[in-house]
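Colleague: The sequence and its predicted three-dimensional model are supplied below.
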Amino acid sequence: MTLLRTRHLGVEIGKTLVCEGLNLEIEAGQRWAILGRNGSGKTTLLLTLAGLRRQAAGRIELNGRCLQQTHRRHIAQQLGLLPQDNQDSFPATVLETALIGRHPHLSLWRPESEADRSMARSALAAVDLSDFEGREISTLSGGERRRLALATLLTQDPELLLLDEPVNHLDLHHQIRVLELLTEQSEQQRKTLVMVLHDPNLAARFAGHCLLLLGAGETRHGPCQELLHQPQLEALYGHPLVTVRNGDHPAWLPG
């Protein structure tokens with residue numbers, strides 16, 4: 001089943017063309033990585049796919065319906081966004097923040113139920129924040145705040161997760177743990193992931209498909225095994241690479 005589809009999509013940042021004529025079909029349960037140089041428009045494209053930025057051309061469909069003609073509340077029940085950074089406007093505890101994820105599913109003035117709290121606590125446990133429920137978010141480190149943002153998204157429980165640098169601020173252990181958790185969500189619950197990543201090695205390990213932003217509106221997309229190879233990655237990043245192998249799996253280091 002196609003969950004997210006773009007038809008002849010054009011996205012621009014000022015006079016910079018991010019993509020042109022992009023026809024993309026993302027199926028339920030797939031894991032996609034968006035790769036490109038700094039300034040290539042990865043975040044802008046992700047925000048456009050979330051319906052938070054208007055495209056220059058074309059159409060975006062979520063579950064067969066035009067995104068721009070769908071009510072934001074209905075979108076939020078199906079699609080969740082993990083932004084690159086989180087800004088906290090009001091003081092709140094860790095549990096209160098995670099519970100924000102349930103708001104698209106609550107009727108007006110209905111408080112969170114015990115079932116909602118159970119979902120939030122399960123999400124916090126999944127990102128190793130079980131003991132942080134009563135902590136003020138202002139006391140968290142950058143990595144802890146990042147994991148809380150992911151817990152809030154998991155509490156929201158959308159079909160489609162759009163993730164802008166999900167391992168931003170995380171140490172090596174938590175980078176892998178978070179990506180393993182997201183993979184489990186995809187495999188066991190048919191969650192669909194679209195992740196902006198900087199490291200092609202993480203993309204090769206945790207994504208099945210990738211979208212490459214090559215510049216000047218040019219893109220390539222398809223299975224990672226077909227696109228992630230040394231010549232293509234050197235062209236993408238404009239830097240020489242060295243290919244090393246871990247068993248049957250290649251990895252790339254700066255040359």
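Modeller: Great, that's in hand.
Colleague: Tell me how far the residue of the chain most remote from its centre lies from residue 103.
Modeller: Residue farthest from the centre of the chain, counting by Cα atoms, centre = their mean, is residue 109 at 29.8 Å. With distances taken as Cβ to Cβ, to the nearest Å, residue 109 is found 12 Å from residue 103. Any C-beta I mention is one placed from the backbone N, CA and C, and that applies to glycine too.
Colleague: now do residue 48
Modeller: Applying Cβ to Cβ, the value for residue 48 to residue 103 is 23 Å.
Colleague: Would you mind telling me which of the two has the busier surroundings?
Modeller: Shown here are residue 48 and residue 103; by other Cβ atoms under 10 Å, residue 48 has more neighbours (24 against 14).
Colleague: Quick check: residue 32 is in a helix.
Modeller: No: in this structure, residue 32 is strand, not part of a helix, as judged by DSSP: H, G, I helix; E, B strand; the rest coil.
Colleague: what residues are up against it?
Modeller: Counting by Cβ atoms under 8 Å, 6 or more residues apart in numbering, residue 32 makes contact with 26, 193-195, 207-211.
Colleague: and with 7 Å instead?
Modeller: Shown in contact with residue 32 (Cβ atoms under 7 Å, 6 or more residues apart in numbering): 26, 193-195, 207, 209-211.
Colleague: What of residue 1?
Modeller: 27-28.
Colleague: Repeat the analysis, applying 6 Å as the threshold.
Modeller: Residues in contact with residue 1, defined by Cβ atoms under 6 Å, 6 or more residues apart in numbering, are residue 28.
Colleague: Quick check: it vs residue 109, distance?
Modeller: 35 Å.
Colleague: any idea how far residue 46 is from the most centrally placed residue in the chain?
Modeller: Centroid-nearest residue in the chain, with Cα atoms, centre = their mean: residue 163, separated by 1.4 Å. Remark: distance between residue 163 and residue 46 (Cβ to Cβ) = 8 Å.
Colleague: how about the helices in the stretch 101-250 of the chain?
Modeller: In the stretch 101-250 of the chain, the helices defined using DSSP state H, counting those that start in this stretch lie at 114-126, 142-156, 172-189, 200-206, 224-227, 230-237.
Colleague: Ok, which of the ones you listed comes nearest residue 6?
Modeller: Closest to residue 6 of those, according to Cβ to Cβ: helix 224-227, at 17.8 Å.
Colleague: CA atoms only: put that closest one into PDB for me.
Modeller: Below are the C-alpha coordinates for helix 224-227, written out as PDB (Å, rounded to 0.1, in the frame of the first residue of the first chain):
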ATOM      1  CA  CYS A 224      20.100   1.500  -1.100                       C
ATOM      2  CA  GLN A 225      21.900  -1.500  -2.600                       C
ATOM      3  CA  GLU A 226      21.700   0.000  -6.000                       C
ATOM      4  CA  LEU A 227      22.500   3.700  -5.200                       C
END
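Colleague: so what secondary structure elements neighbour that helix?
Modeller: Of the remaining helices and strands, none touches helix 224-227 by 3 or more Cβ pairs under 6 Å, 6 or more residues apart in numbering; DSSP states H and E.
Colleague: List the contacts of it.
Modeller: The contact list for helix 224-227 (Cβ under 6 Å, 6+ apart) reads 204, 207, 210.
Colleague: just how off-centre is it within its chain?
Modeller: 20 Å (Cα atoms, centre = their mean, to the nearest Å).
Colleague: buried ones in it?
Modeller: By 16 or more other Cβ atoms under 10 Å, the buried positions in helix 224-227 come out as 224, 227.
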